[in-house]
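> I need the structure of the sequence given here:
(one chain, ligands or ions: 1)
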Amino acid sequence: MAPDSIGHTNRPLKRGRKFLNTPGPTNVPPRVLNAMHRDTMDLNDPEFLDAAVESFEGLKRVFRTDGEVFSYISNGHGAWEAALVNVLAPGDLVLVPETGHFSSSWANMAEALGIRTQSIAGDWRRAHDPEKIGQALADDSGHQIKAVLLVQTDTATSITTDVKAVRQAMDRAKHPALLVVDTIASLGTIDFQMDDWGVDVTIAASQKGLMMVPGLGFVAANAKAVAVHKATARERRYWDWTPRMAGPGYRTFCGTAPQIHIFGLRESLAALFEEGLERVFERHRVLAGATWKAIDVWAQGGALEINALDPAERSMGVTTIRTAEGISADHIREICRDEMLAGIGGGLGVFGGKAFRIGHMGDMNAPMLYACLGAVEATLAYLDIPHTPGGVTAAVQHVAEFKKTHSATTF
Ligand SMILES: *Cc1c(COP(=O)(O)O)cnc(C)c1O
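Residues are numbered from 1 along each chain as shown. Now for the predicted structure:
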(Lines give C-alpha, C1' and ligand atoms only; values in the text may rest on other atoms or scores of the structure.)
Protein backbone atom coordinates (compact mmCIF):
# COMPACT_ATOMS: atom_id res chain seq x y z
CA MET A 1 0.00 0.00 0.00
CA ALA A 2 1.29 3.43 -0.89
CA PRO A 3 2.13 5.47 2.19
CA ASP A 4 -0.68 7.97 2.56
CA SER A 5 -0.55 11.33 4.19
CA ILE A 6 0.11 11.71 7.87
CA GLY A 7 -3.08 11.99 9.84
CA HIS A 8 -5.15 9.64 7.70
CA THR A 9 -8.37 9.17 9.65
CA ASN A 10 -8.51 5.37 9.32
CA ARG A 11 -5.00 4.95 10.60
CA PRO A 12 -4.71 6.70 13.93
CA LEU A 13 -1.01 5.85 14.31
CA LYS A 14 -0.29 8.00 11.28
CA ARG A 15 -0.04 11.29 13.04
CA GLY A 16 3.02 13.31 13.90
CA ARG A 17 6.23 13.13 11.94
CA LYS A 18 7.67 10.25 9.95
CA PHE A 19 11.11 9.03 10.94
CA LEU A 20 13.81 8.42 8.39
CA ASN A 21 16.54 5.89 9.06
CA THR A 22 17.53 4.92 5.56
CA PRO A 23 21.25 5.02 4.76
CA GLY A 24 20.58 7.73 2.22
CA PRO A 25 18.76 9.91 1.77
CA THR A 26 19.13 11.02 5.36
CA ASN A 27 17.44 13.68 7.46
CA VAL A 28 18.11 17.27 6.47
CA PRO A 29 18.46 19.70 9.42
CA PRO A 30 15.79 22.44 9.47
CA ARG A 31 18.51 25.11 9.30
CA VAL A 32 19.64 23.63 5.99
CA LEU A 33 16.09 23.54 4.62
CA ASN A 34 15.64 27.13 5.75
CA ALA A 35 18.86 28.16 4.01
CA MET A 36 17.36 26.77 0.80
CA HIS A 37 14.12 28.67 1.16
CA ARG A 38 15.13 31.60 -0.97
CA ASP A 39 14.82 33.14 -4.41
CA THR A 40 16.77 32.09 -7.44
CA MET A 41 19.10 34.80 -8.63
CA ASP A 42 21.26 36.10 -11.43
CA LEU A 43 23.82 33.52 -12.55
CA ASN A 44 26.69 35.74 -11.47
CA ASP A 45 25.19 37.30 -8.37
CA PRO A 46 28.14 37.78 -6.00
CA GLU A 47 26.08 36.35 -3.14
CA PHE A 48 25.84 33.06 -4.99
CA LEU A 49 29.47 33.09 -6.11
CA ASP A 50 30.53 33.59 -2.47
CA ALA A 51 28.35 30.67 -1.40
CA ALA A 52 29.90 28.50 -4.12
CA VAL A 53 33.46 29.41 -3.10
CA GLU A 54 32.66 28.72 0.56
CA SER A 55 31.06 25.40 -0.30
CA PHE A 56 34.06 24.25 -2.32
CA GLU A 57 36.36 25.30 0.52
CA GLY A 58 34.16 23.41 2.99
CA LEU A 59 34.20 20.28 0.85
CA LYS A 60 38.00 20.41 0.77
CA ARG A 61 37.98 20.53 4.57
CA VAL A 62 35.75 17.47 4.76
CA PHE A 63 37.75 15.55 2.15
CA ARG A 64 40.94 16.78 3.84
CA THR A 65 42.50 17.80 0.55
CA ASP A 66 44.17 20.75 -1.11
CA GLY A 67 43.30 19.28 -4.50
CA GLU A 68 40.54 20.19 -6.92
CA VAL A 69 36.87 19.65 -6.05
CA PHE A 70 34.14 19.28 -8.69
CA SER A 71 30.44 19.54 -7.99
CA TYR A 72 27.85 18.01 -10.32
CA ILE A 73 24.08 18.23 -10.49
CA SER A 74 23.78 14.49 -9.98
CA ASN A 75 23.51 11.70 -7.47
CA GLY A 76 26.32 9.34 -6.49
CA HIS A 77 26.03 7.43 -9.76
CA GLY A 78 26.83 10.64 -11.60
CA ALA A 79 29.89 11.20 -9.43
CA TRP A 80 31.02 7.63 -10.19
CA GLU A 81 30.78 8.33 -13.92
CA ALA A 82 32.52 11.69 -13.52
CA ALA A 83 35.49 10.02 -11.84
CA LEU A 84 35.69 7.21 -14.39
CA VAL A 85 35.54 9.27 -17.59
CA ASN A 86 38.08 11.81 -16.41
CA VAL A 87 40.94 9.44 -15.62
CA LEU A 88 40.20 6.29 -17.67
CA ALA A 89 39.95 5.69 -21.41
CA PRO A 90 38.11 2.82 -23.12
CA GLY A 91 40.25 -0.30 -22.95
CA ASP A 92 41.98 0.72 -19.70
CA LEU A 93 42.02 -1.89 -16.93
CA VAL A 94 40.88 -1.23 -13.36
CA LEU A 95 41.08 -3.39 -10.24
CA VAL A 96 37.85 -3.62 -8.24
CA PRO A 97 37.91 -5.23 -4.79
CA GLU A 98 34.39 -6.60 -4.40
CA THR A 99 32.91 -5.09 -1.25
CA GLY A 100 29.22 -5.63 -2.01
CA HIS A 101 26.44 -4.32 -4.18
CA PHE A 102 27.99 -0.89 -4.72
CA SER A 103 31.42 -2.07 -5.86
CA SER A 104 29.66 -4.41 -8.31
CA SER A 105 27.40 -1.66 -9.65
CA TRP A 106 30.35 0.67 -10.06
CA ALA A 107 32.29 -2.03 -11.92
CA ASN A 108 29.28 -2.58 -14.20
CA MET A 109 29.23 1.12 -14.98
CA ALA A 110 32.95 1.07 -15.79
CA GLU A 111 32.39 -1.83 -18.20
CA ALA A 112 29.51 0.03 -19.87
CA LEU A 113 31.97 2.88 -20.47
CA GLY A 114 34.41 0.52 -22.19
CA ILE A 115 36.75 0.14 -19.21
CA ARG A 116 37.96 -3.38 -18.48
CA THR A 117 37.60 -4.58 -14.90
CA GLN A 118 39.50 -7.13 -12.86
CA SER A 119 37.62 -8.03 -9.72
CA ILE A 120 38.98 -9.40 -6.45
CA ALA A 121 36.24 -11.58 -5.00
CA GLY A 122 35.08 -10.62 -1.54
CA ASP A 123 32.76 -12.29 0.88
CA TRP A 124 30.06 -9.84 1.83
CA ARG A 125 30.57 -10.39 5.55
CA ARG A 126 34.14 -9.19 5.92
CA ALA A 127 36.22 -6.20 4.85
CA HIS A 128 38.80 -6.56 2.11
CA ASP A 129 42.26 -7.69 3.05
CA PRO A 130 44.56 -4.89 1.82
CA GLU A 131 47.30 -7.47 1.27
CA LYS A 132 45.23 -9.16 -1.43
CA ILE A 133 44.88 -5.85 -3.24
CA GLY A 134 48.63 -5.28 -2.90
CA GLN A 135 49.29 -8.79 -4.21
CA ALA A 136 47.08 -8.28 -7.27
CA LEU A 137 49.07 -5.14 -8.06
CA ALA A 138 52.41 -6.84 -7.45
CA ASP A 139 51.32 -9.57 -9.89
CA ASP A 140 50.64 -6.88 -12.50
CA SER A 141 54.32 -6.39 -13.33
CA GLY A 142 53.48 -4.75 -16.69
CA HIS A 143 51.43 -2.07 -14.89
CA GLN A 144 48.32 -2.67 -16.97
CA ILE A 145 46.06 -1.70 -14.06
CA LYS A 146 45.38 2.03 -14.25
CA ALA A 147 43.29 2.45 -11.09
CA VAL A 148 41.92 0.70 -8.03
CA LEU A 149 38.20 1.42 -7.49
CA LEU A 150 37.57 1.08 -3.76
CA VAL A 151 34.36 1.61 -1.79
CA GLN A 152 35.19 2.76 1.76
CA THR A 153 31.85 1.72 3.25
CA ASP A 154 29.61 -0.46 1.13
CA THR A 155 26.12 0.39 2.28
CA ALA A 156 24.81 -3.01 1.21
CA THR A 157 27.04 -4.90 3.65
CA SER A 158 27.62 -2.08 6.18
CA ILE A 159 31.29 -2.98 6.21
CA THR A 160 34.15 -0.48 6.08
CA THR A 161 37.45 -1.23 4.38
CA ASP A 162 40.66 0.37 5.68
CA VAL A 163 41.53 2.87 2.94
CA LYS A 164 44.84 3.90 4.49
CA ALA A 165 45.99 0.27 4.68
CA VAL A 166 45.04 -0.26 1.03
CA ARG A 167 47.19 2.70 0.03
CA GLN A 168 50.10 1.33 2.04
CA ALA A 169 49.73 -2.06 0.33
CA MET A 170 49.71 -0.31 -3.07
CA ASP A 171 52.87 1.57 -2.14
CA ARG A 172 54.60 -1.63 -1.03
CA ALA A 173 53.77 -3.12 -4.43
CA LYS A 174 55.35 0.01 -5.99
CA HIS A 175 52.45 0.21 -8.41
CA PRO A 176 51.52 3.53 -10.08
CA ALA A 177 47.73 2.87 -10.26
CA LEU A 178 45.45 5.65 -9.06
CA LEU A 179 43.49 5.03 -5.87
CA VAL A 180 39.87 6.08 -6.51
CA VAL A 181 37.65 5.90 -3.41
CA ASP A 182 33.86 6.02 -3.09
CA THR A 183 33.10 7.75 0.23
CA ILE A 184 29.42 8.31 -0.54
CA ALA A 185 28.25 6.42 2.56
CA SER A 186 31.17 7.20 4.86
CA LEU A 187 32.10 10.88 4.41
CA GLY A 188 30.99 12.81 7.47
CA THR A 189 30.55 9.63 9.55
CA ILE A 190 34.14 8.42 9.97
CA ASP A 191 37.64 9.75 9.45
CA PHE A 192 38.79 10.22 5.87
CA GLN A 193 42.01 11.97 4.90
CA MET A 194 42.43 12.22 1.18
CA ASP A 195 45.86 13.86 1.06
CA ASP A 196 47.49 12.19 4.07
CA TRP A 197 46.32 8.73 3.07
CA GLY A 198 47.30 9.18 -0.58
CA VAL A 199 43.88 8.91 -2.18
CA ASP A 200 44.01 10.28 -5.74
CA VAL A 201 40.29 10.65 -6.51
CA THR A 202 37.44 10.81 -3.98
CA ILE A 203 33.74 10.47 -4.73
CA ALA A 204 30.86 11.67 -2.55
CA ALA A 205 27.23 12.76 -2.73
CA SER A 206 25.14 15.26 -0.82
CA GLN A 207 22.43 13.09 0.72
CA LYS A 208 24.14 10.88 3.31
CA GLY A 209 26.65 12.02 5.92
CA LEU A 210 26.65 15.54 4.47
CA MET A 211 23.03 16.05 5.62
CA MET A 212 21.79 17.62 2.41
CA VAL A 213 18.97 16.85 0.02
CA PRO A 214 19.85 14.51 -2.87
CA GLY A 215 21.06 16.16 -6.06
CA LEU A 216 24.75 17.01 -5.76
CA GLY A 217 27.61 14.67 -6.63
CA PHE A 218 31.20 15.53 -5.71
CA VAL A 219 34.58 14.43 -6.99
CA ALA A 220 37.93 15.53 -5.57
CA ALA A 221 41.16 15.02 -7.48
CA ASN A 222 44.80 15.47 -6.46
CA ALA A 223 47.57 16.74 -8.76
CA LYS A 224 48.44 13.23 -9.92
CA ALA A 225 44.83 12.57 -10.91
CA VAL A 226 44.58 15.92 -12.71
CA ALA A 227 47.75 15.06 -14.66
CA VAL A 228 46.28 11.66 -15.61
CA HIS A 229 43.06 13.44 -16.60
CA LYS A 230 44.93 15.76 -18.96
CA ALA A 231 46.62 12.78 -20.61
CA THR A 232 43.41 10.74 -20.95
CA ALA A 233 41.74 11.13 -24.33
CA ARG A 234 38.14 10.00 -24.50
CA GLU A 235 34.66 11.37 -25.16
CA ARG A 236 33.24 13.33 -22.25
CA ARG A 237 31.54 16.67 -21.94
CA TYR A 238 29.35 17.39 -18.93
CA TRP A 239 31.70 15.57 -16.57
CA ASP A 240 34.91 17.09 -17.97
CA TRP A 241 37.16 18.54 -15.27
CA THR A 242 39.14 20.98 -17.44
CA PRO A 243 36.48 23.65 -18.10
CA ARG A 244 35.25 23.29 -14.51
CA MET A 245 38.64 24.35 -13.15
CA ALA A 246 38.18 27.88 -14.56
CA GLY A 247 36.84 29.34 -11.29
CA PRO A 248 33.34 29.79 -9.87
CA GLY A 249 30.78 30.67 -12.47
CA TYR A 250 28.90 29.27 -15.41
CA ARG A 251 31.67 26.93 -16.52
CA THR A 252 32.30 25.49 -13.05
CA PHE A 253 28.92 23.78 -13.28
CA CYS A 254 28.92 23.30 -17.07
CA GLY A 255 25.84 25.50 -17.28
CA THR A 256 23.38 26.94 -14.81
CA ALA A 257 24.48 26.29 -11.25
CA PRO A 258 22.29 24.43 -8.73
CA GLN A 259 22.04 27.70 -6.82
CA ILE A 260 19.62 26.67 -4.12
CA HIS A 261 21.43 23.40 -3.45
CA ILE A 262 24.68 25.31 -3.01
CA PHE A 263 23.11 27.55 -0.35
CA GLY A 264 21.93 24.41 1.43
CA LEU A 265 25.32 22.77 1.14
CA ARG A 266 27.07 25.79 2.61
CA GLU A 267 24.75 25.57 5.60
CA SER A 268 25.12 21.81 6.11
CA LEU A 269 28.91 22.11 5.97
CA ALA A 270 28.75 24.96 8.47
CA ALA A 271 26.71 22.72 10.78
CA LEU A 272 29.33 19.97 10.51
CA PHE A 273 32.17 22.37 11.31
CA GLU A 274 30.30 23.93 14.23
CA GLU A 275 29.87 20.52 15.79
CA GLY A 276 33.45 19.66 14.84
CA LEU A 277 34.28 16.67 12.67
CA GLU A 278 35.78 14.71 15.58
CA ARG A 279 32.58 15.16 17.57
CA VAL A 280 30.54 14.20 14.54
CA PHE A 281 32.50 10.96 14.27
CA GLU A 282 32.16 10.31 18.01
CA ARG A 283 28.39 10.81 17.79
CA HIS A 284 28.24 8.29 14.96
CA ARG A 285 30.27 5.79 17.02
CA VAL A 286 27.89 6.06 19.97
CA LEU A 287 24.75 5.76 17.86
CA ALA A 288 26.21 2.80 15.96
CA GLY A 289 27.10 1.12 19.26
CA ALA A 290 23.57 1.67 20.57
CA THR A 291 22.13 0.14 17.40
CA TRP A 292 24.31 -2.97 17.70
CA LYS A 293 23.29 -3.38 21.35
CA ALA A 294 19.63 -3.40 20.34
CA ILE A 295 20.18 -5.93 17.58
CA ASP A 296 22.25 -8.19 19.85
CA VAL A 297 19.24 -8.42 22.17
CA TRP A 298 16.74 -9.09 19.38
CA ALA A 299 19.13 -11.63 17.82
CA GLN A 300 18.84 -13.87 20.88
CA GLY A 301 15.53 -14.99 19.38
CA GLY A 302 17.48 -16.63 16.55
CA ALA A 303 15.88 -14.86 13.59
CA LEU A 304 18.18 -11.85 13.12
CA GLU A 305 21.91 -11.33 12.85
CA ILE A 306 24.27 -8.41 12.18
CA ASN A 307 25.90 -9.01 8.78
CA ALA A 308 29.43 -7.84 9.61
CA LEU A 309 31.21 -10.75 11.30
CA ASP A 310 34.02 -8.64 12.75
CA PRO A 311 32.76 -5.79 14.96
CA ALA A 312 35.92 -3.82 14.14
CA GLU A 313 34.87 -3.68 10.49
CA ARG A 314 31.34 -2.38 11.05
CA SER A 315 30.19 0.88 9.51
CA MET A 316 29.42 3.72 11.92
CA GLY A 317 26.65 4.99 9.65
CA VAL A 318 24.55 1.97 8.74
CA THR A 319 23.96 -1.56 10.01
CA THR A 320 22.83 -4.44 7.82
CA ILE A 321 20.73 -7.05 9.61
CA ARG A 322 20.25 -10.48 8.05
CA THR A 323 17.01 -12.35 8.54
CA ALA A 324 16.77 -16.12 8.96
CA GLU A 325 15.51 -18.36 6.15
CA GLY A 326 11.77 -17.87 5.56
CA ILE A 327 11.58 -14.39 7.14
CA SER A 328 10.96 -11.65 4.60
CA ALA A 329 13.13 -8.65 5.36
CA ASP A 330 11.11 -6.66 2.82
CA HIS A 331 7.94 -7.28 4.79
CA ILE A 332 9.63 -6.03 7.96
CA ARG A 333 10.77 -2.93 6.13
CA GLU A 334 7.38 -2.20 4.60
CA ILE A 335 5.49 -2.60 7.88
CA CYS A 336 8.10 -0.49 9.66
CA ARG A 337 7.73 2.31 7.11
CA ASP A 338 3.99 2.17 6.37
CA GLU A 339 2.58 1.16 9.76
CA MET A 340 5.22 2.21 12.29
CA LEU A 341 6.34 5.35 10.38
CA ALA A 342 10.08 4.70 10.43
CA GLY A 343 11.82 4.30 7.07
CA ILE A 344 14.65 1.76 7.02
CA GLY A 345 16.65 0.37 4.10
CA GLY A 346 16.15 -2.94 2.33
CA GLY A 347 18.65 -5.61 1.35
CA LEU A 348 20.57 -4.96 -1.87
CA GLY A 349 21.97 -7.28 -4.52
CA VAL A 350 22.23 -10.87 -3.26
CA PHE A 351 20.86 -9.62 0.07
CA GLY A 352 17.54 -8.63 -1.58
CA GLY A 353 14.66 -9.73 0.66
CA LYS A 354 17.12 -11.31 3.09
CA ALA A 355 18.37 -8.28 4.98
CA PHE A 356 17.29 -4.85 6.10
CA ARG A 357 19.43 -1.87 7.00
CA ILE A 358 19.15 0.68 9.79
CA GLY A 359 20.76 3.99 8.92
CA HIS A 360 22.29 5.95 11.80
CA MET A 361 24.13 8.58 9.82
CA GLY A 362 23.87 12.28 9.22
CA ASP A 363 21.53 14.56 11.17
CA MET A 364 20.73 11.99 13.85
CA ASN A 365 20.56 12.10 17.62
CA ALA A 366 19.83 9.44 20.22
CA PRO A 367 16.03 9.99 20.52
CA MET A 368 15.72 9.87 16.72
CA LEU A 369 17.52 6.52 16.82
CA TYR A 370 15.36 5.24 19.70
CA ALA A 371 12.28 6.07 17.61
CA CYS A 372 13.53 3.91 14.78
CA LEU A 373 14.64 1.07 17.04
CA GLY A 374 11.25 1.22 18.77
CA ALA A 375 9.50 1.02 15.42
CA VAL A 376 11.61 -1.99 14.41
CA GLU A 377 10.97 -3.72 17.73
CA ALA A 378 7.23 -3.05 17.40
CA THR A 379 7.34 -4.48 13.88
CA LEU A 380 9.10 -7.64 15.07
CA ALA A 381 6.47 -8.11 17.77
CA TYR A 382 3.58 -7.31 15.40
CA LEU A 383 4.82 -9.83 12.83
CA ASP A 384 5.55 -12.51 15.47
CA ILE A 385 9.17 -12.68 14.40
CA PRO A 386 11.18 -14.51 17.05
CA HIS A 387 13.20 -11.97 19.00
CA THR A 388 14.07 -11.13 22.58
CA PRO A 389 12.39 -7.86 23.57
CA GLY A 390 14.40 -5.11 25.23
CA GLY A 391 16.56 -3.96 22.34
CA VAL A 392 15.49 -0.36 22.77
CA THR A 393 16.34 -0.48 26.47
CA ALA A 394 19.79 -1.84 25.65
CA ALA A 395 20.32 1.04 23.21
CA VAL A 396 19.20 3.60 25.79
CA GLN A 397 21.57 2.09 28.35
CA HIS A 398 24.46 2.23 25.91
CA VAL A 399 23.94 5.96 25.44
CA ALA A 400 23.55 6.48 29.20
CA GLU A 401 26.82 4.62 29.86
CA PHE A 402 28.59 6.79 27.34
CA LYS A 403 27.12 9.91 28.92
CA LYS A 404 28.45 8.88 32.34
CA THR A 405 32.01 8.90 31.05
CA HIS A 406 31.62 11.85 28.67
CA SER A 407 29.39 14.22 30.60
CA ALA A 408 30.20 17.16 28.36
CA THR A 409 28.87 15.44 25.26
CA THR A 410 25.23 15.87 24.35
CA PHE A 411 23.27 13.47 22.24
C1 LIG B 1 24.31 5.45 -1.89
C2 LIG B 1 25.58 4.94 -2.46
C3 LIG B 1 25.87 5.03 -3.83
C4 LIG B 1 24.88 5.53 -4.83
O5 LIG B 1 24.54 6.85 -4.67
P6 LIG B 1 23.24 7.44 -5.44
O7 LIG B 1 23.19 8.84 -4.98
O8 LIG B 1 22.08 6.62 -5.02
O9 LIG B 1 23.51 7.31 -6.90
C10 LIG B 1 27.10 4.62 -4.26
N11 LIG B 1 28.02 4.12 -3.41
C12 LIG B 1 27.77 3.98 -2.10
C13 LIG B 1 28.81 3.42 -1.20
C14 LIG B 1 26.53 4.38 -1.60
O15 LIG B 1 26.28 4.22 -0.29
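
> buried residues in the helix or strand that residue 266 is a member of?
Using DSSP states H and E, residue 266 falls within helix 259-275. Neighbour counts over helix 259-275 (16 or more other Cβ atoms under 10 Å) mark 259-272 as buried. Any C-beta I mention is one placed from the backbone N, CA and C, and that applies to glycine too.

> And the strands in this structure, which stretches?
Along the chain, the stretches classed as strands by DSSP state E are 19-21, 68-73, 93-97, 116-120, 145-151, 153-154, 159-160, 178-182, 201-205, 216-221, 304-306, 318-323, 342-346, 355-359.

> most tightly surrounded among the ones you listed?
Highest mean neighbour count of those: strand 153-154, a mean of 33 (counted as mean count of other Cβ atoms under 10 Å).

> Let me have the strands of the chain in TSV, extended by distance to the ligand and mean pLDDT.
Converted to TSV, the strands of the chain look like this (distance: least, Cβ to the nearest ligand atom, whole Å; pLDDT from 0 to 100):
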stretch	distance to the ligand	mean pLDDT
strand 19-21	14	98
strand 68-73	11	98
strand 93-97	13	98
strand 116-120	16	98
strand 145-151	5	98
strand 153-154	6	98
strand 159-160	10	98
strand 178-182	5	98
strand 201-205	5	98
strand 216-221	7	98
strand 304-306	18	98
strand 318-323	8	98
strand 342-346	10	97
strand 355-359	10	98
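
> For residue 59, which of those is the nearest?
Residue 59 sits nearest to strand 68-73 of all these, at 4.8 Å, using Cβ to Cβ.

> In the protein, where is pLDDT below threshold?
1-13, 248, 411 (pLDDT under 70).

> Map the structural domains onto the sequence of it.
30-273, 276-405 (automatic domain parsing).

> Redo those domains as CSV? Include distance to residue 20.
Listed next are these as CSV, based on distance: least, Cβ to Cβ, whole Å:
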stretch, distance to residue 20
domain 30-273, 11
domain 276-405, 5
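
> State the phi and psi torsions of residue 66.
phi -100, psi 10 (degrees, to the nearest 10).

> In contact with it, which residues?
Residue 66 sits next to 60, 195 when contact means Cβ atoms under 8 Å, 6 or more residues apart in numbering.

> For it, give its distance to residue 60.
7 Å (Cβ to Cβ, to the nearest Å).

> Run a quick neighbour tally on residue 226.
Residues near residue 226, counting by other Cβ atoms under 10 Å, number 19.

> repeat for residue 238
With other Cβ under 10 Å as criterion, residue 238 counts 15.

> what's the residue lying closest to it once chain neighbours are set aside in contact with, if anything?
With sequence-adjacent residues excluded and distances taken as Cβ to Cβ, 6 or more residues apart in numbering, residue 238 is closest to residue 254, at 5.3 Å. Counting by Cβ under 8 Å, 6+ apart, residue 254 touches 237, 238, 240, 243, 244.

> just residue 292 next, same as before
306, 311, 314, 319.

> again, only this time at 7 Å
By Cβ atoms under 7 Å, 6 or more residues apart in numbering, residue 292 lies in contact with 306, 319.

> now do residue 320
156, 157, 158, 307, 351, 355, 357.

> Among those residues, which one has the most neighbours?
residue 157 (32 neighbours).

> can you list the contacts of residue 320 in CSV and add distance to residue 111?
What follows is those, written out as CSV (distance: Cβ to Cβ, whole Å):
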residue, distance to residue 111
156, 19
157, 21
158, 26
307, 27
351, 22
355, 26
357, 26
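
> just curious, which of those residues is nearest to the ligand?
residue 156 (8.0 Å; Cβ to the nearest ligand atom).
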